[in-house]
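> what's the 3D shape of this:
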Amino acid sequence: MSFLKYSGTFFERQVLDILKESADLIDEWRLLKYREELGEKDEVIRKLGG
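Prediction:
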């Protein structure tokens, strides 16, 4: 299932919230990739220490 098709849509924030709530079920790197693609690039960079 690809959540990336929701990037830039009305549902983007909702998808991000659902993914974050399910973080314990998702591989950390995959979650970071989803977050980056769904508009949280700066937050992901900060998390990675960059």
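
> can you tell me which residues contact the most centrally placed residue in the chain?
By Cα atoms, centre = their mean, the mean C-alpha position of the chain lies nearest to residue 35, the distance being 2.0 Å. With contacts taken as Cβ atoms under 8 Å, 6 or more residues apart in numbering, residue 35 has the following neighbours: 16, 19-20, 43-44. For every residue, glycine as well, the C-beta is placed using N, CA and C.

> same thing but at 10 Å, please
16, 19-20, 23, 41, 43-44, 47 (Cβ atoms under 10 Å, 6 or more residues apart in numbering).

> For it, pull up the helix or strand it's in.
Here residue 35, judged by DSSP states H and E, is contained in helix 28-37.

> again with residue 18
Going by DSSP H and E, residue 18 is part of helix 12-21.

> That helix packs against which elements?
In terms of contacts (3 or more Cβ pairs under 10 Å, 6 or more residues apart in numbering; DSSP states H and E), helix 12-21 is packed against helix 28-37.

> report the angle between the axes of the helix it packs on and helix 12-21?
Angle, helix 28-37 to helix 12-21, by axes from the mean of the first three to the mean of the last three Cα atoms, to 10 degrees: 160 degrees.

> Nearest residue to residue 39 in space, ignoring adjacent ones along the chain?
For residue 39, ignoring the flanking residues on the chain, the nearest one in space by Cβ to Cβ, 6 or more residues apart in numbering is residue 12 at 6.0 Å.
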